[in-house]
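[1] Kindly generate the corresponding structure for this input.
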Amino acid sequence: MTTQTHPIELAVIGGTGLYQLADLQDVETHQPVTHFGAPSGPIRVGTIDGHRVAFLARHGEGHSLPPHQINYRANLAALKALGARCVLALNTVGGITERFGPRVLGCPDQLIDYTWGRVSTICEEPGSEVIHVDFGEPYTRSLRASIVDAAADAGVALVDGGCYGATQGPRLETRAEIARMRRDGCDLVGMTGMPEAGLARELGLDYACLAIVANWAAGAGPDPDEVITLQDVLDNVAAASSGLPSLIGALLRRKTAD
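    Numbers count the residues shown, from 1 in each chain. Next up, the predicted model:
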């Protein structure tokens, strides 16, 4: 595939309910095919306040891909080939512990992988070089710090830290599964955090997660009998995402200053 000569300052991967960046201007559309196949959909590359930004909808712009069928390798490889070196992953999640109720934004610093059967490495093909990356700290520390500082700059409330538990999906979890995850130390539950984070590390990309809490996980909220509806999820994502343009703008200004 063709690579770009102009660097992309920030690549944003959007999750459920986040299929575009409204502030993206002068948009070019790229539909690359990588060594790993095609990404989830077109990559929109444009500018925000003069900064070059790429956006990719993880599930496709029509939300047609379930979590276990996303080509995570192609998504990240395509962004890297277009010039991205820094990835902000927007993940719609459920809250498990008290800090992470609906409409909260969080920037986790740890994760636990409960997924299975997904291609989780770029070393999968016969003859590939085997890479053993350090993954003790799964999110890039410097990028996490910049996100936390950018939120403060923008006046956007953000919970710093927490553990993301990645489940298989696309179904939501049982109460017993969430209880186990709480015992394991998880604060958040989502379906797309892995293998994305691990692949980003293998590809040498700076990567951090901005978790958007759409609902309480099963049995975790004040009403243990609450039934989660898609409309509730979308409403909460929209409300929690209202500060994203300001946060992303502040993050881009910090990256320029650095």
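[2] residue contacts, residue 202?
    121, 122, 123, 131, 133 (CB atoms under 8 Å, 6 or more residues apart in numbering). All C-beta spots, glycine's among them, are computed from the backbone N, C-alpha and C.
[3] Weed out the non-buried ones from these.
    Taking 16 or more other CB atoms under 10 Å as the criterion, what is buried in the contacts of residue 202 is 121, 122.
[4] which one of the contacts of residue 202 sits closest to residue 195?
    Of all the contacts of residue 202, residue 121 has the smallest distance to residue 195: 7.4 Å, by CB to CB.
[5] Which residue, other than its chain neighbours, is closest to the closest one?
    residue 202 (6.4 Å; CB to CB, 6 or more residues apart in numbering).
[6] circling back: would you format the contacts of residue 202 as TSV with secondary structure and pLDDT included?
    Compiled in TSV, the contacts of residue 202 are given as follows (DSSP: H, G, I helix; E, B strand; the rest coil; pLDDT from 0 to 100):
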residue	secondary structure	pLDDT
121	coil	93
122	coil	86
123	coil	83
131	coil	87
133	coil	91
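[7] list the contacts for the most centrally placed residue in the chain?
    The chain has residue 89 as the residue nearest its centroid, 2.5 Å off, counting by CA atoms, centre = their mean. Applying CB under 8 Å, 6+ apart, one finds that residue 89 lies in contact with 13, 15, 193, 196, 197, 207, 208, 209, 210.
[8] Ranking by neighbours, what's the top pick from those?
    Most neighbours among the contacts of residue 89, by other CB atoms under 10 Å: residue 209, with 31 neighbours.
[9] which residue packs closest to that residue, ignoring adjacent ones?
    Nearest to residue 209 is residue 89, by CB to CB, 6+ apart, at 4.8 Å.
[10] before we move on, which element is the one you found in?
    strand 86-95 (DSSP states H and E).
[11] so what strands line up beside that strand?
    Paired neighbours of strand 86-95 in the sheet (DSSP bridges): strand 10-14 (parallel), strand 188-190 (antiparallel), strand 206-216 (parallel).
[12] List the contacts of the residue lying closest to residue 133 once chain neighbours are set aside.
    Among residues not flanking residue 133 along the chain, residue 201 sits closest, at 4.7 Å (CB to CB, 6+ apart). Taking CB under 8 Å, 6+ apart, we find residue 201 in contact with 133, 134, 135, 138, 207.
[13] in this protein, which spans are helices?
    72-81, 141-154, 175-184, 196-202, 230-240, 244-257 (DSSP state H).
[14] okay if I get those as a markdown table plus distance to residue 43 and mean pLDDT?
    Shown next, in a markdown table, are those (distance: least, CB to CB, whole Å; pLDDT from 0 to 100):
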| stretch | distance to residue 43 | mean pLDDT |
| --- | --- | --- |
| helix 72-81 | 6 | 97 |
| helix 141-154 | 20 | 96 |
| helix 175-184 | 33 | 97 |
| helix 196-202 | 15 | 97 |
| helix 230-240 | 22 | 88 |
| helix 244-257 | 17 | 88 |
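[15] closest one to residue 29 among the ones you listed?
    The nearest among the helices of the chain, by CB to CB, is helix 72-81 at 12.5 Å.
[16] Which strands or helices does the closest one pack on?
    Applying 3 or more CB pairs under 8 Å, 6 or more residues apart in numbering; DSSP states H and E, we find helix 72-81 packed against strand 10-14, strand 51-57, helix 196-202.
[17] Could you rerun that using 10 Å?
    If you count contacts as 3 or more CB pairs under 10 Å, 6 or more residues apart in numbering; DSSP states H and E, helix 72-81 packs onto strand 10-14, strand 25-30, strand 43-48, strand 51-57, strand 86-95, helix 196-202.
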